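Peer 1: Build me a model:
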Amino acid sequence: MRFPGKHIILSMLVIVMTSIALSAQERGPYDTVRVYAYITPEGDTIPESILPPVEVIGKLTGKWKRHWAEWTRLRNAVYVTYPYAMAASKVMNEINARLVNVSDKQKRRAIIKSREKELKKEFADKLTKLSVYQGKVLMKLIYRQTGNNCYEIIQEYKGGFNAAFWQTIAVVFGSNLKQNYDPYNKDRDMETIVRDVEVMYGYRG
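Peer 2: The predicted structure follows:
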């Protein structure tokens, strides 16, 4: 059985193939472009191009402006108060080491009072210049370094009456001596900043 259009189809294919062959021989100025080559783990070589960097600038929304303003405020407070928290933890460790074998209450008070005078002489003027916000951050950092909140520390060294008194003062100023430190949730941003500060001050590798 013969197909009447068979010769026409063959003629069209010959024309198309001839055109392709002629086009392949006629190269324009941009037919060949040198590019980098990338060899895949499987051993295939594919062309690779490097796009120029693109800078995208957008305006911060009110929400993000407030976020970064709060972050900057927290970061500055941590930078200021972190050395004091480290000093407090060092002194507490020294006091505790001296109190291990001391059972006499008067001797214990004398040891605590002697270190208290040293601390006041070294840090009193600096600490009084802290803002209320920086004071709150410092209390959190002290908890982080010692494992005890400020109420517990005062209660241990100065007695329950003093702890209750200073807790009342703290509440009046919108603070709380009993606040803890939660590095995984509430205080996650503070923990991130603290780790950077630790590297800066050389406390961590």
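Peer 1: Please state the offset of the longest helix anywhere in the chain from the chain centre?
Peer 2: Criterion DSSP state H: the longest helix present in the chain is helix 62-99. Offset of helix 62-99 from its chain centre (CA atoms, centre = their mean, to the nearest Å): 14 Å.
Peer 1: now that helix: mean pLDDT?
Peer 2: Helix 62-99 carries an average pLDDT of 89.
Peer 1: list the helices and strands it packs on?
Peer 2: Using 3 or more CB pairs under 8 Å, 6 or more residues apart in numbering; DSSP states H and E as the contact test, the elements touching helix 62-99 are helix 105-128, helix 132-146, helix 188-201. Glycine gets a C-beta too; all of them are placed from N, C-alpha and C.
Peer 1: winner for burial among the ones you listed?
Peer 2: With neighbours defined as mean count of other CB atoms under 10 Å, those peak in mean count at helix 132-146, which reaches a mean of 20.
Peer 1: Go through the helix or strand just after it and flag the buried ones.
Peer 2: Once the chain leaves helix 132-146, the next helix or strand it forms, by DSSP states H and E, is helix 150-158. Residues of helix 150-158 classed as buried: Cys150, Tyr151, Ile153, Ile154, Gln155, Glu156, Tyr157, Lys158 (neighbour count, 16 or more other CB atoms under 10 Å).
Peer 1: Output these in CSV; the columns should cover distance to Tyr184.
Peer 2: Putting the buried residues of helix 150-158 into CSV (distance: CB to CB, whole Å) gives the following:
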residue, distance to Tyr184
Cys150, 21
Tyr151, 22
Ile153, 23
Ile154, 27
Gln155, 27
Glu156, 27
Tyr157, 29
Lys158, 31
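Peer 1: Where does pLDDT dip in the chain?
Peer 2: 1-33, 173, 203-205 (pLDDT under 70).
Peer 1: about what we covered before: and the helices and strands packed on helix 62-99: which comes nearest His67?
Peer 2: Judged by CB to CB, the one of those that comes nearest to His67 is helix 188-201, at 9.6 Å.
Peer 1: picking that back up, which of the helices and strands packed on helix 62-99 sits closest to Glu94?
Peer 2: When the helices and strands packed on helix 62-99 are compared for distance to Glu94 using CB to CB, the nearest one is helix 105-128, at 7.1 Å.
Peer 1: Great, nothing more from me.
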